[in-house]
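Visitor: sequence-free structure coming up:
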Ligand code: B12
Ligand code: B12
Ligand SMILES: Cc1ncc(COP(=O)(O)O)c(C=O)c1O
Ligand SMILES: Cc1ncc(COP(=O)(O)O)c(C=O)c1O
């Protein structure tokens, strides 16, 4: 399955090259667009890197308070860095926190510094932000050291389990229990609604709905608990959360600072599933991925979500298309192959004849297209019902596809998928399912060689063909709905059947076109310039 | 998979020929032994063929009453036919029933007729028995007609489900429900203990333990109910019971008369698992198989049982050995390939690494060795626990092996295997499991080609090699424990770890070495002489 | 109707299967505690057929046994359909006949819930289970506000559109989110409208109890497996009857 | 010890899973009947998450919900091991010391039960769960009568062998076969022996309730997962203590 190996599916290398070329052609104009804009969250992330944390007594983070005042005074287009460090240099506050408090009290006015003032502000800000990035670097080293010391997950795929109680203090023992039972990766699911909050809540939280708030303190508590468990178990247990929604860049930053190991981070999920403005998303995306690249965090993309609304057979090629785009955007932002947990899912209606073979075809295609990416393999959700026995079986066959196609990250399916967020016993039963399949049939791929003109190989080539056609169509989509063409395609409902015009959606007012003097030390450092 | 096709497992044809030659060499002396003996049950079966049914007021069947008196008067070695029809010809009774009643009352004395008396008795008995065999022939035709008319099971494997309430009147609706939900074959499990009864109970019964008594009336009631359901569903639903235990020949006869379609019938099960005398078993076996051959009944052999006491990996070759012997004995008795539901099972400890691939290897070996036999594929039982979820998953993987290796008869596993005899919902859930696997992955065998020097093929060849060695060893087993060699081997504990000497075991006193004038019209007709 | 009992494999055997976790380390006492719970639930005998230690201080149990409760189906209260099922044609005709204008329906997922598939199944032309959604009905004007709509936004939209009926979906139920949101919503409508002009309030989602309408302050609750035709028929029936009465 | 409740994903949530079949055609009333049963079992709210028509006139249900019962582990009665666990060496030594002869054990599956694997696991050298069976004990004479032994045969064999202990296995439990057979067996021994000389009666099998010894008229009941060492230790303890006292 390594690069260069002959295709098991009879796929023509030229087709793969063509697909990647098209993805680049579609993606590049979006990157240019992202480079021309900034967002409130990118700016706040920069302040966080410089060390500004905490919240006012109402719970509004100081980064929001400060950025809002700066924006009110001078607009967003210059970035907040120059005005903020200009004020600091001017002695308006001893440090960022003091300045933020003063700003919130209305007792500072910001300006956009010019000439030597600007140079000074730039230098001061770069130093402050560099310190934050250094903390991220140190966390990356700490992760590597800890893995070297306590050991890594013993085998692939990594077993990925979610906790979702809404209460960080219930989440922690459940996560530790899951790790002891065999989880290699723990994901703390987020409360509903957090993605649309334009701030990151503060502190340890106990009242999420169907998930727990992503906060710096929750990150810290859970990572500390898992460090303890990692040492106990002699293997490093990874922690995952969501760099997604309106605060994607900030959450990515907090993840880097608190040594999270993987983050859900998709180039279009927010647009399609949260109706977040496309430009806002692409700008936030790029910044957050640059952080992830630096932090050594593995991203998990969200193609699986398409198949919860679109049909998994009909829309199989949209998954492939999105994977190619996610790959392009990720690499452009500096991520390496091993960091690309590209998503796909086992979501075909089990009533469809040959559904299992279709799943195999799709999973093998992803494996061949991205031989060095870990791939994130998502369990059935849509066709899970209250019949927990049938669900348990379906999860077993999902696990089997995972084993047969060398998926890197296996999201463990729960028999109660259609009922409740997972109970402690659901996770235990689900792990037992995975363990049985891996132990009993983990090596089945050695015996499994679909013939190049058989059902499976034909299906895989068909999906790739459709993906190439779709990319071509997107590239050629130059109608009024949007520019660059990908924006037009998104506006047309190409992905997940959602129509998302570029001038609509949440968070649009947090986007600004950069002015000529825009400055952001984080971007500068992350882009290595 | 047809004969002559190249082996997927790299098996040498010469090895297969050698295995069959050894099976014949081991089996032939046993057939000779069987031909030299008769048993009480063979004789009673003959009386049943001649039309004697019913029981005395204590529930003892008239065939038992009559045969016992005959035996007391003249011994068993001449068979009951000559004394009985001699008495009838002498006018001791108007018909068999009257004679039996008189005999029971002690008012007839039997003798062994000679000369013309013997000739007359022979002729009369042959006529009476031929009528019974004709009824069996008519039932076979009736089955064929009904299948032609209402249709057959739509696809292979046939889905085989058990009912086991102990009460024929609960069994019937459950069997009909199971058929409606998709069962192609219904097996009515027998009450514990029936195998050791030296008579066949009479009438409709409601009080079995963990199964329902096999009686002629129960057979009739269930077959009638399934005929009705077959017509309703537009496919012939087959009925199975057990021709096993001390009354094997009689039950086979009743099965033929009442149009049962398949019968559990193993050449050594009674010896090993019920401690029935080996000679008794081999004699009863041969007669019952001659009946099954005539009746167009498919037999199901019991190799799966070995694996409930012996380890399924270590003892895999004993299954193959037994299959080869069962095949030899079956063909000698006149059964054709399509009637050989040779047994094997998914009983490897799920904790064993690569257990699924080992199961595949074993199942493929059976498939290649017996390409034209339907094969009976038994679900996991031994490693099923009270964890019904794990059990449901294991059953799913069992079904997958069934699908991938073209098994003809699939015994559906129940998640409650370790708990209770199946509930109505267990069957429904189990069928749903089968249906999912068949629909989703039924064609997976097209993509599955273990390499000839891979794990699976090597394992299959290893098992065959061990089976050949074992047959050779049995053939050479000429110690004092028994003669022919197979009896010595059985006495040594070769199968299922049970030691069963030829001069021990239940039912030995019902065996007699045939005298020179032994006569049995049934054997004569069935052997076509 | 007669009294019934659960059925394992014999009429009247009363057999059921139960599983749960207890926050207690596995031991004989833990198994006894599992039996105690089953006994309290009316299972007797109760057989612990599986006990699995999980994590630290938890044990998972599977229990089989006989329950002694009788079930009386004749006392079951269900929300039976008390309106005729109409085809789209009939529904359109009824609206035309009775209202002489199109009927306006506003739909949304409220709160932080973003599961739109359910409400879309009811509203979108595509529909559900082979039935076309409400958009397909010529005489219905459908305004689907989508996901994560706040209650004030919803009230606002209902006013603007002069909604005759408001359809709300709630799928997330952890910590009773669906009940809280529904109550908040119905209270807001009661506040914002005089009783006579308040739009019909309909709520739906897979985990609702259909008998709870009154308690939640809405006119109807729909649960698992609802089809668009049922919803259209209900709305038409209620709104055209009202007019008629 | 404190009171506990079932645990789904939060301390005290009381969540359990239940499944059963009702002999009733699927309908809303049937689902209501399922809820009624769950309510009677103490589940409230009880959510029918799955209802599947089966055959004719049957429906299978899966129900999730919260039970309001509290479990008090401190009141659980279990048969705790009230004898020391001995190694084979210690057991042999104790017998030698106290009886000065080998101790004879007769084992069997009685009635029509033919499941010998359980009793063999206790008796055969091979043993179970890594422990050697009773045959391995030098000071134990083991007579294993095998399957389907009738009660009179067993009593007869016990007499002939002058058995100190009789070990009986029962695996089939449909219609309480195991209880009936055990009672018949213990009655027969009581009949055949004066109380003082009656051998120790031990019964075992996966579905026995260990607290039922007295009710069944035996000296001890062993259930699921018993190991040979436990059985040997119990026998040695009882028989050598008796001698000592
Ligand atoms: C698809 C899906 C998603 C998609 C949703 C896409 C979309 N645009 O809707 C995505 C991937 C985005 C998603 C995300 C999440 N999901 Co989700 N998701 C599901 C899933 C797999 C299927 C739901 C579905 O589409 N059902 C099909 C529709 C047709 O059925 P329905 O909703 O029941 O609707 C029918 C009836 O209920 C009724 N009806 C419904 N609404 C209305 C309204 C009216 C007015 C009427 C009359 C009738 C009606 O009619 C419909 C047709 O019959 C379920 C699991 C499952 N298999 O059920 C989980 C599930 C609902 N999700 C869940 C969760 C927790 C989430 C997240 C919150 C997880 C997280 N923390 O990140 C996120 C965030 C979402 C959010 N903010 O709300 C949980 C909810 C647990 C609970 N009971 O509280 C579930 C049960 C999974 C689980 N076990 O954890 N999810
Ligand atoms: C193996 C097996 C068989 C083998 C038995 C081979 C043999 N020589 O024993 C064969 C294939 C012959 C068989 C046949 C049948 N079986 Co069976 N069989 C099983 C199976 C798969 C495993 C049982 C086993 O070996 N367990 C392993 C041993 C080690 O565990 P154990 O018995 O619990 O013993 C332990 C403890 O209980 C205890 N213990 C047990 N006995 C004793 C005694 C003493 C003194 C002590 C101290 C301790 C002790 O110590 C042991 C070690 O820890 C079970 C299903 C399952 N997975 O449990 C069904 C099962 C037991 N069989 C069952 C049935 C119904 C039958 C049949 C009656 C079916 C039929 N009508 O044809 C037949 C007939 C048998 C008969 N007449 O009794 C049912 C019983 C249902 C019920 N609860 O009533 C079961 C549960 C399957 C099912 N769900 O239908 N079976
Ligand atoms: C990429 C991505 N982001 C975020 C989420 C979670 O949703 P929300 O944005 O509501 O937190 C998902 C869904 O699992 C996802 O795949
Ligand atoms: C060949 C055969 N006969 C009989 C039986 C049933 O056992 P019993 O003899 O106790 O009826 C089995 C077990 O399933 C079997 O495989």
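Guide: Nice, thanks for sending it over. What you are looking at is a predicted structure, and each value in this text was computed from that prediction instead of being measured. Ligands and ions are numbered 1, 2, ... in the order given.

Visitor: per-residue confidence averaged over stretch C:40-60?
Guide: Computed over stretch C:40-60, the mean pLDDT rounds to 94.

Visitor: close to ligand 2, is that stretch?
Guide: No: on the criterion Cβ under 6 Å from any ligand atom, stretch C:40-60 is out of touch with ligand 2, staying 9.6 Å away. Using the backbone N, CA and C atoms, a C-beta is placed for each residue, glycine as well.

Visitor: tell me which residue in the stretch 1-150 of chain A sits closest to ligand 4.
Guide: residue A:8 (42.3 Å; Cβ to the nearest ligand atom).

Visitor: residues near that residue, how many?
Guide: 19 (other Cβ atoms under 10 Å in any protein chain shown).

Visitor: does it really touch residue A:454, like I thought?
Guide: No: judged on Cβ atoms under 8 Å, residue A:8 makes no contact with residue A:454 at a distance of 10.7 Å.

Visitor: helix/strand/coil for the residue of the stretch 1-150 of chain A closest to ligand 4?
Guide: Under DSSP: H, G, I helix; E, B strand; the rest coil, residue A:8 falls in the coil class.

Visitor: and residue C:59, by the same measure?
Guide: strand.

Visitor: and the least confident helix or strand in chain C by mean pLDDT, anywhere near ligand 1?
Guide: Here the helix or strand of chain C ranked lowest by mean pLDDT, DSSP states H and E is helix C:228-244, holding a mean of 88. Yes: applying Cβ under 6 Å from any ligand atom, one finds helix C:228-244 touching ligand 1 at residue C:231.

Visitor: so what's the nearest residue to residue C:223 once chain neighbours are set aside scoring on pLDDT?
Guide: The shortest distance from residue C:223 to any residue that is not its chain neighbour, by Cβ to Cβ, 6 or more residues apart in numbering or on different chains, is 4.8 Å, and that residue is residue C:208. What the model reports for residue C:208 is a pLDDT of 93.

Visitor: and what of residue A:391?
Guide: pLDDT, read off for residue A:391, is 98.

Visitor: surely it touches residue A:384?
Guide: Yes: counting by Cβ under 8 Å, residue A:384 is a contact partner of residue A:391 at 4.7 Å.

Visitor: what do those two both touch?
Guide: Counting by Cβ atoms under 8 Å, 6 or more residues apart in numbering or on different chains, the contacts common to residue A:391 and residue A:384 are A:413, A:415, A:417-418.

Visitor: circling back to that earlier point, show me which of residue A:391 and residue A:384 is the more surrounded one.
Guide: Higher neighbour count among residue A:391 and residue A:384: residue A:391, with 27 against 23, using other Cβ under 10 Å.

Visitor: please, which helix or strand holds residue A:470?
Guide: helix A:455-475 (DSSP states H and E).

Visitor: tell me how far that helix lies from the chain's centre.
Guide: With Cα atoms, centre = their mean, to the nearest Å as the basis, helix A:455-475 stands 25 Å off its chain's centre.

Visitor: can you give me the strands for chain A?
Guide: A:37-39, A:158-163, A:185-188, A:238-242, A:262-264, A:298-300, A:340-341, A:343-345, A:376-378, A:409-411, A:511-513 (DSSP state E).

Visitor: which elements pack onto the shortest one?
Guide: Under the contact criterion of 3 or more Cβ pairs under 8 Å, 6 or more residues apart in numbering or on different chains; DSSP states H and E, the helices and strands touching strand A:340-341 comprise strand A:298-300, helix A:316-332.

Visitor: up against chain D, what does the stretch 301-450 of chain A have?
Guide: Contact residues (Cβ under 8 Å from any Cβ of the partner chain) of the stretch 301-450 of chain A with chain D: A:385-388, A:416, A:418-424.

Visitor: cutoff 7 Å now
Guide: A:385-388, A:418-424 (Cβ under 7 Å from any Cβ of the partner chain).

Visitor: and ligand 1, which of the residues you listed reach it?
Guide: A:418-421.

Visitor: what domains does the record give for chain C?
Guide: As given by automatic domain parsing, the domain ranges for chain C are C:15-73, C:88-244.

Visitor: can you give me the end-to-end distance of the first one?
Guide: The first residue of domain C:15-73 is 18 Å away from its last residue (Cα to Cα, to the nearest Å).

Visitor: how near is residue A:74 to residue A:112?
Guide: 5 Å (Cβ to Cβ, to the nearest Å).

Visitor: in helices, which of the residues of the stretch 301-450 of chain A next to chain D appear?
Guide: When DSSP state H defines the helices, the subset of these inside them is A:388, A:424.

Visitor: which one of the residues of the stretch 301-450 of chain A next to chain D sits closest to ligand 3?
Guide: Distance to ligand 3 across these (Cβ to the nearest ligand atom) is lowest for residue A:421, with 12.4 Å.

Visitor: who touches the nearest residue in space to the closest one that is not next to it in sequence in this structure?
Guide: Spatially, and ignoring its direct neighbours in sequence, residue A:421 is nearest to residue A:164 (4.1 Å; Cβ to Cβ, 6+ apart). By Cβ atoms under 7 Å, 6 or more residues apart in numbering or on different chains, the residues touching residue A:164 are A:189, A:210-211, A:421-422.

Visitor: the helix holding residue A:470 vs chain B: in contact?
Guide: Yes: Helix A:455-475 lies within reach of chain B by Cβ under 7 Å from any Cβ, at A:455-456.

Visitor: now that helix against helix A:316-332, angle please.
Guide: 60 degrees (axes from the mean of the first three to the mean of the last three Cα atoms, to 10 degrees).

Visitor: so what touches helix A:455-475?
Guide: A:9-11, A:15, A:18-19, A:22-23, A:25-26, A:316-318, A:320-321, A:324, A:354, A:357-358, A:360-362, A:364-365, A:450-451, A:485-486, A:489, A:494, B:446-447.

Visitor: got the contact list for whichever residue of the stretch 1-150 of chain A sits closest to chain C?
Guide: In the stretch 1-150 of chain A, the residue that lies nearest chain C is residue A:59 (16.8 Å; Cβ to the nearest Cβ). Taking Cβ under 7 Å, 6+ apart, we find residue A:59 in contact with A:201-202.

Visitor: test my guess that residue A:146 contacts residue A:235.
Guide: No: counting by Cβ atoms under 7 Å, residue A:146 stays clear of residue A:235, with 10.4 Å between them.

Visitor: what touches both of the two?
Guide: Shared contacts of residue A:146 and residue A:235 (Cβ under 7 Å, 6+ apart): none.

Visitor: could you measure residue A:360 against residue D:232, distance?
Guide: Distance from residue A:360 to residue D:232, by Cβ to Cβ: 53 Å.
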